[in-house]
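S.K.: need a structure here:
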Amino acid sequence: MQILQKVGGIACVLAAGLVADGVPTLREQGLSFGVDNWTGIFAPAGTPDDVVEALNAVIVEVIESPAVQEQIAKLGTEYKAVDRAAFQAQMQAEKQTWSQVIKAGDIKVN
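M.R.: Residues are numbered from 1 along each chain as shown. Modelled structure (predicted):
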């Protein structure tokens, strides 16, 4: 990325150093910290399974298309389409991780 050519990077907080080639992740430097960026598309509760599956199939097809993957790569990142069960598992893992951070930091909402 152009800004890194001017200032240099010392670490990437993503679990995989995709955004900044040559800049190691915190995990690669021995620190057990990393975050992943993810995007999800939600449907209202009660949406019929066949509708959710049809939407998922179209979304996966679009995300995995070469044209979209090329544009995503230009942003210095990647998208991986997953099925509903995998996404739900990811959401649960995120909830558990960040719940622990909130408790450990005694973080409160004002």
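
S.K.: need the strands for the chain, in chain order.
M.R.: For the chain, strands defined by DSSP state E do not occur.

S.K.: That one - how does it break down into domains?
M.R.: In terms of domains, the chain is parsed into 1-37, 39-110 (source: automatic domain parsing).

S.K.: and these, which is most packed in?
M.R.: domain 1-37 (a mean of 13; mean count of other CB atoms under 10 Å). The C-beta positions use only the backbone N, C-alpha and C, and glycine is treated the same way.

S.K.: What's the mean pLDDT across that one?
M.R.: For domain 1-37, the mean pLDDT works out to 65.

S.K.: Begin at 23, not 1, for the rest of this chat.
M.R.: Happy to do that; since the first residue is 23 now, the last one works out to domain 23-59.

S.K.: Give the other helices and strands that the longest helix seen in the chain contacts.
M.R.: In the chain, taking DSSP state H as the definition, the longest helix is helix 106-126. Helices and strands touching helix 106-126, by 3 or more CB pairs under 8 Å, 6 or more residues apart in numbering; DSSP states H and E, are helix 71-85.
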